[in-house]
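Colleague: Just a sequence and a predicted model for now, questions to come.
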Amino acid sequence: MHDLVVSPSILSADFARLGDEVADVAPSVPWLHVDVMDGHYVPNLTIGQPVVKSLRAVTDRFLDCHLMISDPRTYAPQFIALGAESVTFHPEVDDDPLSIVHELHERGAHVGVALKPKLPLSLVEELLPHVDMLLVMTVEPGFGGQAFMTEVLPKIAEADDWRRANDASFRIEVDGGITVDTVAGTVAAGADTLVAGSAVFDRDDRSAAVRALLDAAIAARPTAGR
Ligand code: DX5
Ligand code: ZN
């Protein structure tokens with residue numbers, strides 16, 4: 001069983017003070033979640049390579065880059081070259097996502113695949129033996145601060161069942177609308193890696209915000225499988 005990890009999404013941070021924001025939250029977390037959007041795969045633009053380069057210079061935290069972009073084959077290697085430890089992409093954008101997984105592994109990164117709320121687990125089943133993480137979106141990708149979609153919970157449980165049945169070891173990350181109220185259901189279903197944007201950065205005390213999420217997650221964690 002993986003350690004529970006909270007990965008704060010810097011999308012909800014104050015970008016004019018990003019270094020301070022990262023320094024504020026970093027002592028409380030091992031990971032930082034970086035949402036890259038291209039205005040094509042999703043109807044929004046956020047940040048790209050220069051920000052990852054600058055982040056790498058000021059933090060040693062594990063950079064968990066979530067690429068909501070149409071061309072991960074071209075751009076994902078660039079994020080790895082700049083120091084991202086993990087890149088997660090949406091596999092339906094490419095005809096041969098497994099070859100992207102292998103190529104990114106060869107470059108030394110952890111590799112994840114992400115599933116939008118309406119896409120079934122079957123879409124990524126062939127990739128699951130090869131990835132380090134499955135990111136299950138619990139909102140439609142594109143924006144922080146949206147409401148959690150409860151209807152995605154069965155897919156998290158299905159992924160956890162698949163992981164156990166196949167003796168696989170990928171993390172299950174949930175992303176979107178994660179709060180102290182919604183995190184328990186995802187952890188009970190099998191999630192171990194918890195992205196939280198507004199639930200962390202909209203609070204004055206980021207350490208307390210992370211602690212509250214972890215406490216709720218620990219309380220909900222199944223002791224010996226579900
Ligand atoms: C949405 C992003 C999320 C987002 C989460 O497309 O992938 O990572 O920043 O923000 P909250 O936790 O506020 O829903
Ligand atoms: Zn994300």
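Modeller: Done, it's in. Everything numeric here is computed off the predicted structure, so don't read it as measured data. Ligands and ions are numbered 1, 2, ... in the order given.
Colleague: can I assume Gly197 is in contact with Pro8?
Modeller: Yes. Shown here, Gly197 and Pro8 form a contact pair, counting by C-beta atoms under 8 Å, at 7.0 Å. Placement of C-beta: from N, CA and C, glycine included.
Colleague: The longest helix anywhere in the chain: which residues count as buried?
Modeller: When the chain is parsed with DSSP state H, its longest helix is helix 206-220. Neighbour counts over helix 206-220 (16 or more other C-beta atoms under 10 Å) mark 206, 209-210, 212-214, 216-217, 220 as buried.
Colleague: try stretch 15-31
Modeller: 18, 21-22, 24-26, 28-29, 31.
Colleague: For Gly197 and Pro8, indicate the residue with more neighbours.
Modeller: Just comparing Gly197 and Pro8: by other C-beta atoms under 10 Å the higher neighbour count belongs to Pro8, 30 against 24.
Colleague: picking that back up, overlap of the contact sets of Gly197 and Pro8?
Modeller: His33 (C-beta atoms under 8 Å, 6 or more residues apart in numbering).
Colleague: what about Pro91, how many neighbours?
Modeller: Count around Pro91 with other C-beta under 10 Å applied: 22.
Colleague: For Ala109, see how far away the residue of the chain found nearest ligand 1 is.
Modeller: Closest contact between the chain and ligand 1, by C-beta to the nearest ligand atom, is at Gly197 (2.8 Å). As defined by C-beta to C-beta, to the nearest Å, Gly197 lies at a distance of 22 Å from Ala109.
Colleague: Kindly report the same for Val152.
Modeller: On the measure of C-beta to C-beta, Val152 and Ala109 end up 26 Å apart.
Colleague: picking up where we left off before, out of the buried residues of helix 206-220, the closest to ligand 2 would be?
Modeller: Of all the buried residues of helix 206-220, ligand 2 sits closest to Leu213, with 15.5 Å by C-beta to the ion.
Colleague: wait, isn't that closest one in contact with Ala196?
Modeller: Yes. Taking C-beta under 8 Å as the definition, Leu213 is a contact partner of Ala196 at 5.8 Å.
Colleague: what touches both of the two?
Modeller: Common neighbours of Leu213 and Ala196 (C-beta under 8 Å, 6+ apart) are 6, 178-179, 183.
Colleague: quick one, strands of the chain?
Modeller: Remark: strands assigned in the chain by DSSP state E are 5-8, 31-37, 62-68, 86-89, 110-115, 133-137, 171-175, 193-196.
Colleague: Distance to ligand 2 and mean pLDDT for those - can I get that in JSON lines?
Modeller: Shown next, in JSON lines, are these (distance: least, C-beta to the ion, whole Å; pLDDT from 0 to 100):
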{"stretch": "strand 5-8", "distance to ligand 2": "9", "mean pLDDT": "98"}
{"stretch": "strand 31-37", "distance to ligand 2": "4", "mean pLDDT": "98"}
{"stretch": "strand 62-68", "distance to ligand 2": "4", "mean pLDDT": "98"}
{"stretch": "strand 86-89", "distance to ligand 2": "8", "mean pLDDT": "98"}
{"stretch": "strand 110-115", "distance to ligand 2": "8", "mean pLDDT": "99"}
{"stretch": "strand 133-137", "distance to ligand 2": "7", "mean pLDDT": "99"}
{"stretch": "strand 171-175", "distance to ligand 2": "4", "mean pLDDT": "98"}
{"stretch": "strand 193-196", "distance to ligand 2": "5", "mean pLDDT": "98"}
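Colleague: Cool, thanks, talk later.
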